[in-house]
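Asker: Quick check, what structure comes out for this input:
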Amino acid sequence: MAKRTHRGNLQAIIVSVIVAIFLWFFVVTDVVYFYDIDVPLKVIGLTENKALVKPIPETVKMRFRGKGQVLIWAYFTMPMSESSVFLDVSKVHRLQEYQLNTYFEQHPDLLVLPRDFDLDFINVVSPETVWVHLEERVTRKIAVAPQVDIQAAPGYMIVGGMRYSPDSIEVTGAETLVEQIRVLKTAPLALTDVVNDIFMDLPVKLETHQPLSYSDNKIHVTADVQSIGMRQIENIPVQIINVPAGLRPVAIPDHINLTIEGGQDILLTLGRENFRVTFDFEARWLPDVRRYAPEIETPHGVQRISSVYPEKVEIVLRQ
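Answerer: Numbering: from 1, shown residues only. Coordinates of the predicted model:
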């Protein structure tokens, strides 16, 4: 019986405390208070040919008066509501100062709060002044400089080099700000011992502290990584170019063979028609020299020429 009485007394005490807390909260929150709340600040009236030179504050600290329960409700729900204060810059030509307390007294309709917020606006706490600086809006294509260092594993190669898309990004904003941007860099990327093709997005470092907009915030990086193979290409004709009128030079032999190394997949697609072997007669021929190493142009995917046979050809003048 004593245990039941003790338990009943404990429950009564807990209920009394809870009721007391609710009564205290009701009394306290029914009192009128002054409270500072951060309200988003937005610009309206900005024409298509104008842009901000300097960013404006994202929020304004404003003092309100209201009952405690309303202020608590506003504190928790205002960030999720459409509450905002607006600066109308439609009449600004270049530079204008806004005294916010005076401005919102003259334009109370530009302070937008939910209807259920029974609050009285008292004054702007900070910032008290906002400067709006406008310039002509321009758009420029700015080159992207990738900070990329990718090394293939031994026995592999990157065919055709690294590829980036896009190679430039459109930047829009005030002319002074856009003209200061010479190049956009990416986040650094370093990979070693790569054996697989690369397909990835790389973020671009943007001037986020400036009122600028960008057509993209990343570039796509690709690389064709292939194992290194070897192949022989035979009977590639030697072409003699830039021959003066009246001369008939011939190459002996008039065909050469190459052993090439490069990306295995690429090598399988190559034939002699993909190579150009030339001798520039006008630039290189000398009367007392008969044998010359021809110039060889190779397609992409060929890492190096490991052998040429013959290494030199004889240039003979025919009548």
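
Asker: contacts for stretch 82-91?
Answerer: Residues outside stretch 82-91 that contact it (C-beta atoms under 8 Å, 6 or more residues apart in numbering) are 39-47, 50, 56, 60, 62, 96, 98, 103-104, 107, 110-114, 117, 130, 132, 134. No exception for glycine: its C-beta is placed from N, CA and C like everyone else's.

Asker: Can you select the buried ones among those residues for me in ChimeraX?
Answerer: Once 16 or more other C-beta atoms under 10 Å is used to decide burial, the buried members of those can be selected in ChimeraX as follows:
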select :39,40,41,43,46,50,56,60,62,98,103,104,111,113,117,130,132,134
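
Asker: Can you tell me which of the contacts of stretch 82-91 end up in strands?
Answerer: 39-44, 50, 60, 62, 96, 98, 111-112, 130, 132, 134 (DSSP state E).

Asker: Mind jotting down where the helices sit in the stretch 51-200 of the chain?
Answerer: In the stretch 51-200 of the chain, the segments counted as helices under DSSP state H, counting those that start in this stretch are 68-77, 100-106, 175-179.

Asker: Pull out the buried positions in the last one.
Answerer: So that's helix 175-179. Applying a neighbour-count criterion of 16+ other C-beta under 10 Å, the buried positions in helix 175-179 are 177-178.

Asker: repeat for stretch 144-164
Answerer: By neighbour count with 16+ other C-beta under 10 Å, stretch 144-164 contains the buried residues 144, 146, 148, 150, 152, 156-159, 164.

Asker: Those residues: which two are farthest apart?
Answerer: Distances among the buried residues of stretch 144-164 were taken as C-beta to C-beta; the most separated pair is 144 and 156, at 26.3 Å.

Asker: what does stretch 146-156 contact?
Answerer: Outside of stretch 146-156, the residues within contact range by C-beta under 8 Å, 6+ apart are 158, 162, 164, 185-195, 198, 202, 219, 221, 223, 225-228.

Asker: how far out from the middle of the chain is that stretch?
Answerer: Its chain's average C-alpha position is 22 Å from that of stretch 146-156, according to C-alpha atoms, centre = their mean, to the nearest Å.

Asker: I'd like the mean pLDDT over it, please.
Answerer: Across stretch 146-156, pLDDT averages out at 92.

Asker: and if you look at stretch 159-175?
Answerer: Per-residue confidence for stretch 159-175 averages out to 92 on the pLDDT scale.

Asker: Then stretch 196-207?
Answerer: Model confidence over stretch 196-207 averages 92 on the pLDDT scale.

Asker: Just the C-alphas of it, formatted as PDB.
Answerer: Extracted C-alpha coordinates of stretch 196-207, given in PDB (Å, rounded to 0.1, in the frame of the first residue of the first chain):
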ATOM      1  CA  ASN A 196      41.600   2.300 -67.700                       C
ATOM      2  CA  ASP A 197      39.900   5.000 -69.800                       C
ATOM      3  CA  ILE A 198      38.900   8.200 -67.900                       C
ATOM      4  CA  PHE A 199      35.500   9.700 -67.900                       C
ATOM      5  CA  MET A 200      34.900  12.200 -65.100                       C
ATOM      6  CA  ASP A 201      33.600  15.700 -64.300                       C
ATOM      7  CA  LEU A 202      36.000  18.200 -62.800                       C
ATOM      8  CA  PRO A 203      34.700  21.200 -60.900                       C
ATOM      9  CA  VAL A 204      35.800  24.700 -62.000                       C
ATOM     10  CA  LYS A 205      36.900  27.200 -59.400                       C
ATOM     11  CA  LEU A 206      34.300  30.000 -59.600                       C
ATOM     12  CA  GLU A 207      34.400  33.500 -58.200                       C
END
